[in-house]
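K.L.:
here's a sequence, model it:
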Amino acid sequence: MEKGITIRFNILATIALWTMSLVFALTNFEVGSTYESNALIDIYIDSLIVKMTLLLAIWVASALVFSKLFNEIWNRLISDIFKIRQINFSESYALSILITWVLLS
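P.N.:
Next up is the predicted model:
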């Protein structure tokens with residue numbers, strides 16, 4: 001078995017975190033509330049499935065971009081300053097998700 005963080009691990013972790021986020025959103029939704037959203041996605045898209053698919057795609061794309069930026073900053077700056085090893089993209093993705101999860105919790 002391969003040690004370390006793999007792409008398969010990252011995909012499963014992403015699905016798990018997204019599922020937890022979805023369950024949290026669904027369980028905290030107030031039925032019959034008079035909240036009116038001005039978000040573009042709510043104004044122009046009526047289908048819940050299309051909204052969820054679009055939001056998932058945006059979430060994954062932003063996680064990939066953030067991970068690549070984190071990877072570059074780590075490998076070009078942090079590893080040189082603190083004399084620690086460089087990380088690969090899978091490790092930066094996992095760290096980015098973990099940091100985001102901790103900071104937003």
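K.L.:
quick check: S90 touching I11?
P.N.:
No. S90 lies out of contact with I11 (C-beta atoms under 8 Å); the separation is 10.1 Å. No exception for glycine: its C-beta is placed from N, CA and C like everyone else's.
K.L.:
looking at these two, which one has more neighbours?
P.N.:
Using other C-beta atoms under 10 Å as the criterion, S90 and I11 rank with S90 on top: 17 against 12.
K.L.:
OK, contacts around the more buried one?
P.N.:
Applying C-beta atoms under 8 Å, 6 or more residues apart in numbering to S90 gives the contacts G4, I5, T6, I7, F9, N10.
K.L.:
spatially nearest residue to the third one, not counting backbone neighbours?
P.N.:
Leaving out its chain neighbours, the residue that sits closest to T6 by C-beta to C-beta, 6 or more residues apart in numbering is S90, at 6.0 Å.
K.L.:
the one you found and S21: what is the separation?
P.N.:
When distance is defined by C-beta to C-beta, to the nearest Å, S90 is 21 Å away from S21.
K.L.:
one step back: which of the helices or strands spans the residue nearest to T6?
P.N.:
In this structure, S90 sits in helix 89-104 according to DSSP states H and E.
K.L.:
any idea which helix or strand carries the residue nearest to the spatial centre of the chain?
P.N.:
Nearest to the mean C-alpha position of the chain, by C-alpha atoms, centre = their mean, lies A63 at 4.6 Å. In the assignment (DSSP H and E), A63 maps to helix 48-73.
K.L.:
average pLDDT for the helix or strand just after that helix, rounded please.
P.N.:
Downstream of helix 48-73, the first helix or strand assigned by DSSP H and E is helix 79-82. Mean per-residue pLDDT for helix 79-82: 90.
K.L.:
what does helix 79-82 rub up against?
P.N.:
Contacts of helix 79-82 (C-beta under 8 Å, 6+ apart): R85, Q86, I87.
K.L.:
buried among these? Need that as a selection in PyMOL.
P.N.:
The PyMOL selection below is limited to those of these classed as buried (16 or more other C-beta atoms under 10 Å):
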select buried, resi 87
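K.L.:
which among the contacts of helix 79-82 gets closest to I97?
P.N.:
Using C-beta to C-beta, I87 is the member of the contacts of helix 79-82 that sits closest to I97, with 13.6 Å.
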